[in-house]
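Here is the input, now give the coordinates:
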Amino acid sequence: MKHNTFLSSDHKTTSHFICWEPQGERVGTVQIIHGMAEYIERYHEFAKYLNELGFVVVGHDHLGHGQSVLEAESKHGYFGETEPITFVLEDIDQIKEWIENNYPDLPHFMLGHSMGSFALRNYLQLYKADISGAIFMGTGKKASMLPLALSLTKGLNVTAPKKTNKWLDYLAFGSFSKQFPENGRFNWLSKNQENVKNYETDSLTGFTFTNNGFYTLFRLVDGANQNGWAQNIDQDLPVLVISGEQDPVGDFGIGPRKVAKELDEAGIKDVSLVLFADLRHEILFENEKIEVYKAISNWLQKRLNPGMKN
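Numbers count the residues shown, from 1 in each chain. Model prediction:
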């Protein structure tokens, strides 16, 4: 595992990324785009699993996450002034270019989880990336409150962009925890409550977004779900939609199914949908994570070797 840095597209922040390299033969690269209020090093175990199969794994901390935070501001959950959406997408593109420059002969895959899945869906519409496959994990559709939330946060992003907004956090996620028997604000993340405890005690996870952060998040969700969004994606791009069926972000399986259906109806030739009946939002951190690892790695390997059998 090698830690690296790059200058974010905000032209201010020294952003952090990690490269996990296999010891033996390299067969492909996987770029991980992490979710809201977390950081890329959480994916270490999954990355090492892919390393064993020959995949180079690379991912960065989004602005306002992990180690990609200006020391002068010390503000997690804040993406930056002017056009934060552009910062998010251009930083993803910078990492993609770094991978292509360092591993030019390897097939490249991109995996986005949760907020990262919405970012990836925006990215693929706007950047027309030449990649070998995309994975949308923990993704979903628009919530009914999104238009109101967008209108509200657009103004708050101007008047108080760096102010933490606990009310918006409750509005967006407060109902999630009520769906499950365990107590706690983050019980919806995992059936594996050890993961939930780790998330709650880690200072780099679970922080509340600023007004700017929520505005950025809601715009990513909106852009990912515009009418006809899937028609803007290359029809030859293989796509895997994978989630837990107990994930409230995906409306308990409804969202991922709709996303896969929209991709199929848009003419995407290779669309796969995998739902785990008993798992929640963070499927890579459940006790059954090896099953998830295998589902993803099998999909990757079949796109490397189309004739491969189960």
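
Setting the sequence-adjacent residues aside, check what's closest to the residue most central in space within the chain.
With distances taken as C-alpha atoms, centre = their mean, the residue of the chain nearest its centroid is G116 (2.1 Å). Of all residues not flanking G116 in the chain, I33 sits nearest, at 3.5 Å (C-beta to C-beta, 6 or more residues apart in numbering). Glycine gets a C-beta too; all of them are placed from N, C-alpha and C.

who touches stretch 45-58?
1, 17-32, 43, 59, 95, 98-99, 103, 106, 284, 289, 293, 297, 300-301 (C-beta atoms under 8 Å, 6 or more residues apart in numbering).

and what of stretch 263-272?
228, 230-231, 233, 235-241, 260, 299, 303.

Which of these fall in helices?
Under the assignment DSSP state H, the contacts of stretch 263-272 contribute 260, 299, 303 to helices.

So which of those is surrounded by the most neighbours?
A260 (24 neighbours; other C-beta atoms under 10 Å).

Can you tell me how far the closest residue in space to that residue that isn't next to it in sequence is from K12?
Using C-beta to C-beta, 6+ apart and skipping the chain neighbours, the partner closest in space to A260 is L273 (4.1 Å). Distance, L273 to K12, by C-beta to C-beta, to the nearest Å: 40 Å.

what about the two, which has more around it?
L273 (18 against 15).

For that one, give me its contacts.
Neighbours of L273 in contact, by C-beta under 8 Å, 6+ apart: 240-242, 256-257, 260.

Reformat these into TSV and put distance to A37 next to each item.
What follows is the contacts of L273, written out as TSV (distance: C-beta to C-beta, whole Å):
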residue	distance to A37
L240	24
V241	23
I242	21
P256	21
R257	26
A260	26
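
Tell me the helix or strand right after the lengthiest helix in the chain.
If you go by DSSP H, the chain has its longest helix at helix 84-102. Remark: after helix 84-102, the chain's next helix or strand is strand 108-113, criterion DSSP states H and E.

That next one - which strands sit beside it in the sheet, and in what orientation?
Here strand 108-113 is paired, per DSSP bridges, with strand 28-33 (parallel), strand 133-137 (parallel).

Make JSON lines out of the ones you listed and add mean neighbour count and mean pLDDT.
Output for the strands paired with strand 108-113, formatted as JSON lines (neighbours: other C-beta atoms under 10 Å; pLDDT from 0 to 100):
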{"stretch": "strand 28-33", "mean neighbour count": "25", "mean pLDDT": "98"}
{"stretch": "strand 133-137", "mean neighbour count": "26", "mean pLDDT": "98"}
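
quick one, what contacts the residue nearest to K96 when sequence neighbours are not counted?
Distances taken as C-beta to C-beta, 6+ apart put Q31 closest to K96, at 6.1 Å, once the chain neighbours are dropped. Taking C-beta under 8 Å, 6+ apart, we find Q31 in contact with 57-59, 92, 95-96, 99, 108-111.

any idea how far Q31 lies from E200?
28 Å.

Tell me who's in contact with the spatially closest residue to F180 that is not a sequence neighbour.
Using C-beta to C-beta, 6+ apart and skipping the chain neighbours, the partner closest in space to F180 is N187 (4.8 Å). For N187, the contact set (C-beta under 8 Å, 6+ apart) comprises 177, 180, 193, 196.
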